[in-house]
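>>> can't give you the sequence, but here's the structure:
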(Lines give C-alpha, C1' and ligand atoms only; values in the text may rest on other atoms or scores of the structure.)
Protein backbone atom coordinates (compact mmCIF):
# COMPACT_ATOMS: atom_id res chain seq x y z
CA UNK A 1 0.00 0.00 0.00
CA UNK A 2 1.41 3.37 -1.07
CA UNK A 3 0.84 5.64 1.94
CA UNK A 4 2.14 9.16 2.46
CA UNK A 5 1.99 9.00 6.26
CA UNK A 6 3.54 12.45 6.72
CA UNK A 7 0.69 13.97 4.72
CA UNK A 8 -1.86 12.10 6.85
CA UNK A 9 -0.24 13.21 10.11
CA UNK A 10 0.50 16.77 8.96
CA UNK A 11 2.81 17.41 11.94
CA UNK A 12 3.77 20.83 13.20
CA UNK A 13 7.39 21.84 12.75
CA UNK A 14 8.10 20.97 16.38
CA UNK A 15 6.39 17.59 16.04
CA UNK A 16 8.36 16.96 12.84
CA UNK A 17 11.55 17.64 14.80
CA UNK A 18 10.38 15.19 17.46
CA UNK A 19 9.55 12.43 14.94
CA UNK A 20 13.05 12.77 13.52
CA UNK A 21 14.68 12.77 16.97
CA UNK A 22 13.00 9.50 17.97
CA UNK A 23 14.91 7.70 15.23
CA UNK A 24 18.22 8.79 16.73
CA UNK A 25 17.50 8.22 20.42
CA UNK A 26 16.32 5.23 22.42
CA UNK A 27 14.77 7.32 25.20
CA UNK A 28 12.95 10.39 23.99
CA UNK A 29 10.94 13.06 25.82
CA UNK A 30 8.62 15.55 24.13
CA UNK A 31 6.76 18.56 25.49
CA UNK A 32 7.41 20.42 28.72
CA UNK A 33 4.42 22.77 28.41
CA UNK A 34 0.71 22.66 27.58
CA UNK A 35 -0.61 22.96 24.06
CA UNK A 36 2.37 21.50 22.20
CA UNK A 37 0.38 18.61 20.74
CA UNK A 38 1.86 15.89 22.96
CA UNK A 39 -1.01 13.40 22.89
CA UNK A 40 -1.39 13.72 19.12
CA UNK A 41 2.32 13.18 18.64
CA UNK A 42 2.35 10.07 20.83
CA UNK A 43 -0.49 8.22 19.10
CA UNK A 44 0.84 8.96 15.64
CA UNK A 45 4.36 8.00 16.67
CA UNK A 46 2.98 4.60 17.74
CA UNK A 47 1.25 4.14 14.38
CA UNK A 48 4.29 5.28 12.44
CA UNK A 49 6.49 2.94 14.44
CA UNK A 50 4.34 -0.10 13.63
CA UNK A 51 4.52 0.74 9.94
CA UNK A 52 8.24 1.61 10.01
CA UNK A 53 9.27 -1.63 11.70
CA UNK A 54 7.24 -3.65 9.20
CA UNK A 55 8.82 -1.78 6.29
CA UNK A 56 12.36 -2.05 7.72
CA UNK A 57 12.37 -5.67 8.90
CA UNK A 58 9.35 -7.32 7.33
CA UNK A 59 8.03 -8.22 10.76
CA UNK A 60 4.25 -8.41 10.91
CA UNK A 61 2.06 -7.94 13.95
CA UNK A 62 4.48 -5.88 16.05
CA UNK A 63 2.99 -4.44 19.22
CA UNK A 64 3.62 -0.90 20.45
CA UNK A 65 2.35 0.03 23.93
CA UNK A 66 0.71 3.43 24.47
CA UNK A 67 0.28 3.99 28.22
CA UNK A 68 -1.67 6.55 30.20
CA UNK A 69 -1.86 7.02 33.94
CA UNK A 70 -5.33 5.48 34.30
CA UNK A 71 -8.28 4.38 32.18
CA UNK A 72 -10.24 7.71 32.30
CA UNK A 73 -7.13 9.54 31.07
CA UNK A 74 -6.56 6.94 28.37
CA UNK A 75 -10.17 7.24 27.19
CA UNK A 76 -10.16 11.05 27.22
CA UNK A 77 -6.79 11.75 25.63
CA UNK A 78 -6.33 8.83 23.24
CA UNK A 79 -9.18 6.40 22.60
CA UNK A 80 -11.87 9.04 22.05
CA UNK A 81 -9.59 10.89 19.62
CA UNK A 82 -8.49 7.80 17.69
CA UNK A 83 -12.05 6.72 16.95
CA UNK A 84 -12.58 9.81 14.78
CA UNK A 85 -9.02 10.59 13.75
CA UNK A 86 -7.62 7.33 12.35
CA UNK A 87 -8.78 6.48 8.81
CA UNK A 88 -10.00 2.90 8.32
CA UNK A 89 -7.43 2.32 5.59
CA UNK A 90 -4.81 2.65 8.36
CA UNK A 91 -6.49 0.72 11.16
CA UNK A 92 -9.39 0.30 13.49
CA UNK A 93 -9.93 0.40 17.24
CA UNK A 94 -11.16 -2.84 18.72
CA UNK A 95 -11.96 -3.92 22.27
CA UNK A 96 -11.98 -7.46 23.60
CA UNK A 97 -12.80 -8.69 27.08
CA UNK A 98 -9.40 -10.33 27.45
CA UNK A 99 -7.16 -7.77 25.74
CA UNK A 100 -8.89 -4.42 26.22
CA UNK A 101 -8.53 -1.62 23.65
CA UNK A 102 -6.18 -1.97 20.69
CA UNK A 103 -5.70 -0.10 17.44
CA UNK A 104 -4.98 -2.80 14.83
CA UNK A 105 -3.42 -1.71 11.57
CA UNK A 106 -4.47 -3.17 8.24
CA UNK A 107 -2.73 -6.22 6.78
CA UNK A 108 -1.22 -4.06 4.00
CA UNK A 109 0.50 -1.92 6.66
CA UNK A 110 1.86 -4.92 8.54
CA UNK A 111 -1.03 -5.70 10.89
CA UNK A 112 0.75 -4.13 13.85
CA UNK A 113 -1.05 -3.22 17.06
CA UNK A 114 -1.05 -0.13 19.24
CA UNK A 115 -1.98 -1.55 22.63
CA UNK A 116 -3.83 1.10 24.64
CA UNK A 117 -3.02 0.48 28.28
CA UNK A 118 -3.13 2.16 31.70
CA UNK A 119 -0.65 2.14 34.57
CA UNK A 120 -2.96 1.45 37.48
CA UNK A 121 -1.07 -1.80 38.12
CA UNK A 122 2.14 -2.07 36.06
CA UNK A 123 2.87 -5.58 37.39
CA UNK A 124 0.21 -6.97 35.04
CA UNK A 125 2.62 -6.33 32.17
CA UNK A 126 5.40 -8.47 33.67
CA UNK A 127 5.18 -11.06 30.89
CA UNK A 128 4.34 -8.62 28.10
CA UNK A 129 6.59 -7.71 25.18
CA UNK A 130 6.50 -4.54 23.11
CA UNK A 131 8.48 -3.39 20.09
CA UNK A 132 8.26 0.15 21.47
CA UNK A 133 6.62 2.02 24.32
CA UNK A 134 5.03 5.45 24.61
CA UNK A 135 3.91 7.02 27.90
CA UNK A 136 1.70 10.04 28.38
CA UNK A 137 2.51 12.44 31.25
CA UNK A 138 5.62 10.61 32.38
CA UNK A 139 5.99 12.98 35.34
CA UNK A 140 2.83 11.54 36.89
CA UNK A 141 4.71 8.29 37.52
CA UNK A 142 7.47 7.18 39.90
CA UNK A 143 10.81 6.21 38.38
CA UNK A 144 10.28 2.47 38.81
CA UNK A 145 7.53 2.64 36.13
CA UNK A 146 10.17 3.75 33.61
CA UNK A 147 12.49 0.89 34.50
CA UNK A 148 9.71 -1.70 34.68
CA UNK A 149 8.42 -0.82 31.23
CA UNK A 150 11.68 -0.28 29.39
CA UNK A 151 12.76 -3.83 30.20
CA UNK A 152 9.64 -5.01 28.33
CA UNK A 153 10.91 -3.56 25.04
CA UNK A 154 11.91 -6.59 23.02
CA UNK A 155 10.57 -8.17 19.83
CA UNK A 156 11.75 -11.09 17.66
CA UNK A 157 13.37 -9.99 14.42
CA UNK A 158 13.99 -6.39 15.46
CA UNK A 159 17.37 -5.23 16.84
CA UNK A 160 17.28 -3.76 20.33
CA UNK A 161 19.04 -0.64 19.06
CA UNK A 162 16.05 0.17 16.86
CA UNK A 163 13.32 -0.09 19.48
CA UNK A 164 12.40 3.03 21.38
CA UNK A 165 10.88 4.47 24.56
CA UNK A 166 9.01 7.72 23.90
CA UNK A 167 7.24 9.90 26.45
CA UNK A 168 5.53 13.24 26.84
CA UNK A 169 5.33 15.32 30.01
CA UNK A 170 4.63 18.63 31.67
CA UNK A 171 6.71 19.86 34.62
CA UNK A 172 5.30 18.84 38.01
CA UNK A 173 3.86 15.62 39.35
CA UNK A 174 5.43 12.99 41.58
CA UNK A 175 7.94 12.06 38.87
CA UNK A 176 9.16 15.59 38.22
CA UNK A 177 12.52 15.10 39.94
CA UNK A 178 13.65 11.93 38.19
CA UNK A 179 12.40 13.00 34.75
CA UNK A 180 14.17 16.34 35.08
CA UNK A 181 17.30 14.61 36.32
CA UNK A 182 17.58 12.31 33.28
CA UNK A 183 16.25 14.36 30.36
CA UNK A 184 16.73 17.99 31.39
CA UNK A 185 19.79 17.97 33.66
CA UNK A 186 21.28 14.84 32.02
CA UNK A 187 22.49 13.67 35.41
CA UNK A 188 22.79 9.89 35.04
CA UNK A 189 23.55 7.34 37.76
CA UNK A 190 26.68 5.30 37.24
CA UNK A 191 24.81 2.27 35.91
CA UNK A 192 23.14 4.39 33.20
CA UNK A 193 26.14 6.41 32.02
CA UNK A 194 26.63 4.16 28.99
CA UNK A 195 23.05 4.99 27.92
CA UNK A 196 23.39 8.78 28.19
CA UNK A 197 23.75 9.38 24.45
CA UNK A 198 20.43 7.64 23.92
CA UNK A 199 18.43 10.29 25.82
CA UNK A 200 16.99 13.26 23.92
CA UNK A 201 14.47 16.01 24.66
CA UNK A 202 12.53 18.28 22.32
CA UNK A 203 10.55 21.03 24.12
CA UNK A 204 7.23 22.20 22.74
CA UNK A 205 4.98 25.05 23.81
CA UNK A 206 1.53 26.25 22.84
CA UNK A 207 2.95 28.86 20.47
CA UNK A 208 4.65 26.01 18.55
CA UNK A 209 1.21 24.64 17.63
CA UNK A 210 -0.42 26.61 14.76
CA UNK A 211 -3.63 24.57 15.14
CA UNK A 212 -4.41 26.22 18.50
CA UNK A 213 -6.52 29.31 18.89
CA UNK A 214 -4.10 32.14 19.91
CA UNK A 215 -6.49 32.90 22.76
CA UNK A 216 -5.47 29.59 24.35
CA UNK A 217 -1.85 30.72 24.74
CA UNK A 218 -3.02 34.09 26.04
CA UNK A 219 -5.06 32.20 28.63
CA UNK A 220 -1.95 30.30 29.75
CA UNK A 221 -0.03 33.55 30.12
CA UNK A 222 -2.72 34.88 32.46
CA UNK A 223 -2.27 32.04 34.97
CA UNK A 224 -0.60 32.56 38.40
CA UNK A 225 3.19 32.63 38.26
CA UNK A 226 4.01 29.01 39.04
CA UNK A 227 1.30 27.72 36.67
CA UNK A 228 2.33 30.15 33.94
CA UNK A 229 5.98 29.19 34.17
CA UNK A 230 5.16 25.48 33.98
CA UNK A 231 2.31 25.35 31.50
CA UNK A 232 3.11 28.30 29.23
CA UNK A 233 6.88 28.59 29.48
CA UNK A 234 7.78 24.96 30.22
CA UNK A 235 9.96 25.81 33.21
CA UNK A 236 11.30 22.79 35.07
CA UNK A 237 12.43 24.93 38.03
CA UNK A 238 9.06 26.20 39.22
CA UNK A 239 5.78 24.49 38.47
CA UNK A 240 2.13 24.15 39.47
CA UNK A 241 1.64 21.98 42.53
CA UNK A 242 5.18 22.59 43.80
CA UNK A 243 5.24 22.16 47.57
CA UNK A 244 8.30 24.22 48.48
CA UNK A 245 7.64 27.35 46.43
CA UNK A 246 10.10 29.18 48.69
CA UNK A 247 13.03 27.31 47.13
CA UNK A 248 15.40 29.27 44.90
CA UNK A 249 18.62 27.58 43.93
CA UNK A 250 20.52 30.85 43.63
CA UNK A 251 19.55 31.75 47.20
CA UNK A 252 19.49 28.43 49.02
CA UNK A 253 22.53 26.64 47.57
CA UNK A 254 25.95 27.77 48.79
CA UNK A 255 29.47 26.52 48.28
CA UNK A 256 30.90 24.50 51.19
CA UNK A 257 32.94 26.27 53.84
CA UNK A 258 34.70 25.10 56.98
CA UNK A 259 32.21 24.81 59.82
CA UNK A 260 33.42 26.69 62.95
CA UNK A 261 34.14 24.25 65.75
CA UNK A 262 31.51 25.68 68.10
CA UNK A 263 28.56 25.39 65.71
CA UNK A 264 26.04 22.68 66.55
CA UNK A 265 26.03 19.85 63.98
CA UNK A 266 23.16 17.35 64.02
CA UNK A 267 22.41 14.21 62.04
CA UNK A 268 18.86 13.43 60.88
CA UNK A 269 17.98 10.31 58.96
CA UNK A 270 15.35 8.55 56.89
CA UNK A 271 16.14 4.86 56.73
CA UNK A 272 15.66 2.81 53.57
CA UNK A 273 17.16 -0.24 51.89
CA UNK A 274 15.15 -1.07 48.76
CA UNK A 275 14.18 2.61 48.66
CA UNK A 276 16.95 5.17 49.13
CA UNK A 277 18.21 6.00 52.59
CA UNK A 278 18.91 9.64 53.40
CA UNK A 279 21.22 10.84 56.19
CA UNK A 280 21.77 14.59 56.48
CA UNK A 281 24.06 16.70 58.67
CA UNK A 282 22.93 20.22 59.51
CA UNK A 283 25.22 22.81 61.09
CA UNK A 284 23.58 25.67 62.99
CA UNK A 285 25.37 28.84 64.08
CA UNK A 286 24.67 30.68 67.37
CA UNK A 287 22.25 33.04 65.57
CA UNK A 288 20.09 30.10 64.45
CA UNK A 289 21.07 30.00 60.77
CA UNK A 290 21.42 26.42 59.50
CA UNK A 291 23.35 24.80 56.67
CA UNK A 292 22.86 21.24 55.44
CA UNK A 293 26.53 20.40 55.14
CA UNK A 294 26.62 16.65 54.51
CA UNK A 295 24.64 13.89 52.89
CA UNK A 296 24.69 10.09 52.61
CA UNK A 297 22.11 8.87 50.13
CA UNK A 298 21.40 5.74 48.12
CA UNK A 299 19.33 2.62 47.58
CA UNK A 300 20.33 -0.97 48.21
CA UNK A 301 22.47 -0.24 51.28
CA UNK A 302 22.12 -2.48 54.34
CA UNK A 303 22.14 -0.94 57.82
CA UNK A 304 25.80 -1.87 58.35
CA UNK A 305 26.80 -0.19 55.07
CA UNK A 306 24.86 2.94 55.94
CA UNK A 307 26.40 3.02 59.42
CA UNK A 308 29.87 2.69 57.93
CA UNK A 309 29.29 5.68 55.66
CA UNK A 310 27.84 7.70 58.54
CA UNK A 311 30.81 7.00 60.80
CA UNK A 312 33.25 7.77 58.01
CA UNK A 313 31.62 11.18 57.47
CA UNK A 314 31.57 12.00 61.17
CA UNK A 315 35.14 10.93 61.93
CA UNK A 316 37.14 13.85 63.28
CA UNK A 317 34.16 16.22 63.33
CA UNK A 318 32.37 17.72 66.32
CA UNK A 319 28.98 16.23 65.64
CA UNK A 320 26.25 15.62 68.19
CA UNK A 321 26.46 11.95 69.08
CA UNK A 322 22.72 11.23 69.08
CA UNK A 323 21.05 11.63 65.72
CA UNK A 324 17.35 11.74 64.90
CA UNK A 325 15.83 8.81 63.02
CA UNK A 326 12.32 8.08 61.78
CA UNK A 327 10.38 6.81 64.79
CA UNK A 328 9.08 3.89 62.71
CA UNK A 329 12.58 2.42 62.92
CA UNK A 330 11.86 1.36 66.52
CA UNK A 331 9.16 -1.04 65.34
CA UNK A 332 10.15 -4.72 65.63
CA UNK A 333 7.20 -6.13 63.67
CA UNK A 334 8.53 -8.92 61.45
CA UNK A 335 12.10 -8.39 62.67
CA UNK A 336 14.30 -9.98 65.29
CA UNK A 337 15.43 -6.47 66.28
CA UNK A 338 14.52 -2.97 65.24
CA UNK A 339 16.37 -0.94 62.62
CA UNK A 340 17.31 1.53 65.36
CA UNK A 341 18.89 -1.27 67.40
CA UNK A 342 20.79 -2.50 64.35
CA UNK A 343 22.21 1.00 63.89
CA UNK A 344 23.13 1.18 67.59
CA UNK A 345 25.08 -2.09 67.36
CA UNK A 346 27.01 -0.59 64.44
CA UNK A 347 27.96 2.43 66.56
CA UNK A 348 25.33 4.87 65.26
CA UNK A 349 22.99 6.04 68.04
CA UNK A 350 19.67 7.75 67.29
CA UNK A 351 16.67 9.22 69.04
CA UNK A 352 13.17 8.68 67.58
CA UNK A 353 11.74 11.58 65.62
CA UNK A 354 8.79 13.50 67.08
CA UNK A 355 5.51 11.92 66.07
CA UNK A 356 1.88 12.73 66.75
CA UNK A 357 -1.29 14.11 65.16
CA UNK A 358 -0.36 16.76 62.64
CA UNK A 359 3.38 16.32 63.19
CA UNK A 360 4.15 15.77 59.50
CA UNK A 361 2.47 18.95 58.34
CA UNK A 362 3.91 20.88 61.29
CA UNK A 363 7.36 19.65 60.30
CA UNK A 364 6.89 20.71 56.68
CA UNK A 365 5.78 24.15 57.84
CA UNK A 366 8.98 24.46 59.88
CA UNK A 367 11.04 23.61 56.77
CA UNK A 368 9.12 26.12 54.65
CA UNK A 369 9.54 28.84 57.28
CA UNK A 370 13.28 28.16 57.40
CA UNK A 371 13.48 28.40 53.60
CA UNK A 372 11.63 31.72 53.51
CA UNK A 373 13.72 34.82 52.97
CA UNK A 374 12.72 38.38 53.72
CA UNK A 375 12.37 40.74 50.77
CA UNK A 376 15.92 42.05 50.97
CA UNK A 377 15.85 42.17 54.76
CA UNK A 378 17.29 38.84 55.83
CA UNK A 379 18.59 35.63 54.26
CA UNK A 380 16.75 32.33 54.76
CA UNK A 381 17.35 30.43 57.98
CA UNK A 382 18.18 27.31 55.98
CA UNK A 383 20.68 26.84 53.18
CA UNK A 384 22.31 23.81 51.60
CA UNK A 385 25.90 23.04 50.60
CA UNK A 386 26.21 22.39 46.87
CA UNK A 387 27.65 18.95 47.66
CA UNK A 388 24.27 17.74 48.98
CA UNK A 389 23.07 16.98 45.47
CA UNK A 390 20.17 14.66 46.28
CA UNK A 391 18.47 17.10 48.66
CA UNK A 392 18.99 19.89 46.11
CA UNK A 393 17.51 17.67 43.39
CA UNK A 394 14.47 16.36 45.24
CA UNK A 395 13.35 19.15 47.58
CA UNK A 396 12.18 21.58 44.86
CA UNK A 397 10.44 18.69 43.05
CA UNK A 398 8.05 17.83 45.89
CA UNK A 399 4.35 18.26 45.10
CA UNK A 400 1.17 18.59 47.14
CA UNK A 401 -0.80 15.45 47.95
CA UNK A 402 -3.99 15.57 45.87
CA UNK A 403 -6.14 14.27 48.73
CA UNK A 404 -4.34 16.12 51.56
CA UNK A 405 -3.01 19.30 49.95
CA UNK A 406 -1.47 20.50 53.22
CA UNK A 407 0.88 17.50 53.06
CA UNK A 408 3.29 16.52 50.31
CA UNK A 409 2.79 13.49 48.08
CA UNK A 410 4.59 10.54 49.65
CA UNK A 411 4.76 8.73 46.30
CA UNK A 412 7.47 11.19 45.26
CA UNK A 413 11.17 10.72 46.08
CA UNK A 414 10.81 12.32 49.50
CA UNK A 415 13.56 10.55 51.47
CA UNK A 416 16.00 13.47 51.81
CA UNK A 417 13.09 15.81 52.57
CA UNK A 418 11.87 13.50 55.34
CA UNK A 419 15.36 13.48 56.87
CA UNK A 420 15.36 17.28 56.80
CA UNK A 421 11.92 17.40 58.41
CA UNK A 422 13.09 15.20 61.29
CA UNK A 423 15.84 17.72 62.01
CA UNK A 424 13.28 20.52 62.45
CA UNK A 425 10.75 18.42 64.35
CA UNK A 426 13.43 17.22 66.73
CA UNK A 427 13.33 14.11 68.90
CA UNK A 428 10.20 12.63 70.44
CA UNK A 429 8.81 14.37 73.54
CA UNK A 430 10.64 13.48 76.72
CA UNK A 431 13.73 12.16 74.98
CA UNK A 432 16.93 12.90 76.89
CA UNK A 433 20.43 11.93 75.91
CA UNK A 434 21.36 9.04 78.22
CA UNK A 435 24.29 9.87 80.50
CA UNK A 436 26.09 6.72 79.41
CA UNK A 437 26.04 7.97 75.80
CA UNK A 438 27.92 11.18 76.74
CA UNK A 439 31.67 10.67 76.64
CA UNK A 440 34.10 12.90 78.52
CA UNK A 441 34.99 14.47 75.18
CA UNK A 442 31.30 15.23 74.53
CA UNK A 443 30.92 16.88 77.95
CA UNK A 444 34.10 18.93 77.48
CA UNK A 445 33.00 19.98 74.00
CA UNK A 446 29.59 21.14 75.19
CA UNK A 447 31.15 23.11 78.07
CA UNK A 448 33.58 24.78 75.69
CA UNK A 449 30.78 25.57 73.21
CA UNK A 450 28.64 27.13 75.93
CA UNK A 451 31.57 29.25 77.13
CA UNK A 452 32.33 30.38 73.56
CA UNK A 453 28.70 31.37 73.04
CA UNK A 454 28.65 33.41 76.27
CA UNK A 455 31.79 35.28 75.23
CA UNK A 456 30.19 36.15 71.90
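Sure, I can see it. Predicted, not measured: the structure shown is a model, and the values here were computed from it.

>>> strands along the stretch 351-456 of the chain, start to end?
Here the stretch 351-456 of the chain has its strands, by DSSP state E, counting those that start in this stretch, at 382-385.

>>> so who does the closest residue to residue 38 other than its chain neighbours touch?
Spatial nearest neighbour of residue 38, excluding adjacent residues (CB to CB, 6 or more residues apart in numbering): residue 168 at 3.6 Å. For the C-beta atoms, the positions are set from N, CA and C on the backbone; glycine is no exception. Going by CB atoms under 8 Å, 6 or more residues apart in numbering, residue 168 touches 29, 30, 31, 38, 39, 41, 42, 134, 135, 136, 137, 138.

>>> neighbours of the second one, just the number please.
Same thing as residue 30. Residues near residue 30, counting by other CB atoms under 10 Å, number 29.

>>> which helix or strand contains it?
Secondary structure assignment for residue 30, by DSSP states H and E: strand 27-31.

>>> what bridges to the residue nearest to residue 418 when sequence neighbours are not counted?
Take residue 418 and drop its neighbours on the chain: the residue closest to it by CB to CB, 6+ apart is residue 270, 4.1 Å away. Beta bridges link residue 270 to residue 278, judged by DSSP bridges.

>>> paired strands for the strand holding residue 30, with orientation please.
strand 165-169 (parallel), strand 199-203 (parallel).

>>> before we move on, back to that, ok, which pair from the contacts of residue 168 is furthest apart?
Greatest spatial distance in these: 29 and 39, 14.4 Å, computed using CB to CB.

>>> tell me which of these two has more neighbours.
residue 29 (25 against 19).

>>> surely that one is in contact with residue 181?
No: counting by CB atoms under 8 Å, residue 181 is not a contact partner of residue 29; they are 11.9 Å apart.

>>> any idea how far residue 357 is from residue 20?
To residue 357, residue 20 is 55 Å away according to CB to CB, to the nearest Å.

>>> and residue 6, how many neighbours?
11.

>>> circling back: restricted to strands, list the contacts of residue 168.
Using DSSP state E, the members of the contacts of residue 168 that fall within strands are 29, 30, 31, 134, 135.

>>> nearest to residue 52, of these?
Closest to residue 52, out of all of the ones in strands among the contacts of residue 168 and judged by CB to CB, is residue 134, at 13.7 Å.

>>> can you map out the helices along the stretch 251-400 of the chain?
Taking DSSP state H, counting those that start in this stretch to define them, one finds helices in the stretch 251-400 of the chain at 303-314, 339-345, 359-371, 389-394.

>>> could I get the buried residue list for the second one?
For helix 339-345, burial by neighbour count (16 or more other CB atoms under 10 Å) applies to 339, 340, 342, 343.

>>> where does pLDDT dip in the protein?
1-2, 374-377, 430-456 (pLDDT under 70).

>>> what segments of the stretch 151-300 of the chain are strands?
In the stretch 151-300 of the chain, the segments counted as strands under DSSP E, counting those that start in this stretch are 165-169, 199-203, 253-254, 264-270, 277-284, 290-298.

>>> pairing partners for the longest one, with directions?
What that stands for is strand 290-298. strand 277-284 (antiparallel), strand 382-385 (parallel).

>>> and the longest helix along the chain, which residues are buried?
Ranked by number of residues, the top helix in the chain under DSSP state H is helix 38-57. Going by neighbour count (16+ other CB under 10 Å), the buried part of helix 38-57 is 38-54, 57.

>>> just stretch 355-371 next, same as before
Of the residues in stretch 355-371, 360, 363, 364, 366, 367, 368, 370, 371 count as buried by neighbour count, 16+ other CB under 10 Å.

>>> contacting residues around residue 117?
Contacts of residue 117 (CB under 8 Å, 6+ apart): 65, 66, 67, 68, 74, 100, 125.

>>> format those residues as JSON lines; extra columns: distance to residue 158, secondary structure and neighbour count.
Below are these laid out as JSON lines (distance: CB to CB, whole Å; DSSP: H, G, I helix; E, B strand; the rest coil; neighbours: other CB atoms under 10 Å):
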{"residue": "65", "distance to residue 158": "14", "secondary structure": "strand", "neighbour count": "23"}
{"residue": "66", "distance to residue 158": "18", "secondary structure": "strand", "neighbour count": "29"}
{"residue": "67", "distance to residue 158": "20", "secondary structure": "strand", "neighbour count": "26"}
{"residue": "68", "distance to residue 158": "24", "secondary structure": "strand", "neighbour count": "25"}
{"residue": "74", "distance to residue 158": "25", "secondary structure": "helix", "neighbour count": "22"}
{"residue": "100", "distance to residue 158": "24", "secondary structure": "strand", "neighbour count": "14"}
{"residue": "125", "distance to residue 158": "19", "secondary structure": "helix", "neighbour count": "18"}
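
>>> cool, thanks, talk later.
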